[in-house]
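[1] Fold the following, please.
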Amino acid sequence: MALPDPAKALAALAGLALVDLDSFARDRALAPAQLDRATAVSGIAIVPGTRQALGPDRLQALRRQMQAELTAFHAENADLQGLGREKLRLMLDPRLPKPDFAAFLRAEAAAGHIALDGAFIRLPGHLPRLAPEDEALLDRILPQLAGEDRFRPPRVRDLAQEGGADEAEIRRILRMAARQGRIDQIAHDHFFTRATTVEMVGIIRDLGAQAPDGWFTAPAFRDRVQNGRKVAIQILDFFDRLGLTLRRGDLRRINPHRIDLFTPDGSDKRE
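    Reported below is the predicted structural model:
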């Protein structure tokens, strides 16, 4: 029995489910030129930044669903910066593989449809804000988290004692700012500016690039940030939880699928 025309088969499959183009070509022994021709003739849509294909209507439905989920989340959580990437991925249909979903997000952000903010996704127009009095207190705190001591900033207790403010109030405001993506809570009562977090990601990338196999040690990171072992481990644990780093015993390396978490445009390019 003759095999069905590749373009017709591709169009039929893409109308039902996500199609990996490379697997499709391999299963049918198609040369690259044959796959390109079938893709062009079939009228399917390729998920931006990936080798995954869908029917055009299904790709548009995926985009609409993502916008709807983000809109609903912002309406219910006006003070939060956005939805976590993995949570959003699991909410959408079809469910893209993690690397492809990251590429899709970068393409959608480049087109201005969404905004990438650390480990979170938001609509471009969503800008959570603090009350004016909270913003004023945060403005007094932020300089203490930056500068030469940015890798070892004071904890909430120290900030309260130095500023003569209520410890619980400072903790509340810092947690709000962390939800907005302006700072990051690395450990309990220990907050770092987002700029410092980005800088530490750059250090981790450098350490991985310098290691023959990409795996680096906690002491190597500690020496670069000139911090104590306990705080250095807390920082690395924070990146572990986000999936930015992979851990093997006492060694860590960058997770290539999460390398774009703290780049402003969602790319994997070093700033």
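[2] which stretches of the stretch 151-271 of the chain form helices?
    For the stretch 151-271 of the chain, the helices defined by DSSP state H, counting those that start in this stretch cover 156-163, 167-179, 194-210, 218-225, 229-242.
[3] neighbouring contacts of the first one?
    Just to be clear, that refers to helix 156-163. With contacts defined as CB atoms under 8 Å, 6 or more residues apart in numbering, helix 156-163 is touched by 140-141, 144, 154, 165-167, 170-171, 174, 189-191. Glycine gets a C-beta too; all of them are placed from N, C-alpha and C.
[4] go with 6 Å
    With contacts defined as CB atoms under 6 Å, 6 or more residues apart in numbering, helix 156-163 is touched by Ile141, Glu167, Ile170, Arg171, Asp189.
[5] got the angle for that helix vs helix 167-179?
    If you take axes from the mean of the first three to the mean of the last three CA atoms, to 10 degrees, helix 156-163 sits at 120 degrees to helix 167-179.
[6] Ok, the longest one next?
    Helix 194-210 and helix 167-179 are oriented at 60 degrees to each other (the same axes, to 10 degrees).
[7] buried stuff in helix 194-210?
    Arg194, Thr196, Thr197, Val198, Glu199, Met200, Val201, Ile203, Ile204, Leu207, Gly208 (16 or more other CB atoms under 10 Å).
[8] what does stretch 24-44 give?
    Buried residues in stretch 24-44, counting neighbours by 16+ other CB under 10 Å, are found at Phe24, Ala25, Leu30, Leu35, Ala38, Thr39, Ser42, Ile44.
[9] Neighbours of the nearest residue to Thr196 once chain neighbours are set aside, how many?
    Nearest in space to Thr196, with sequence neighbours left out and distances taken as CB to CB, 6 or more residues apart in numbering, is Arg150 at 4.5 Å. If you count neighbours by other CB atoms under 10 Å, Arg150 ends up with 17.
[10] how near is Arg150 to Val225?
    Look at Arg150 and Val225: by CB to CB, to the nearest Å, they are 9 Å apart.
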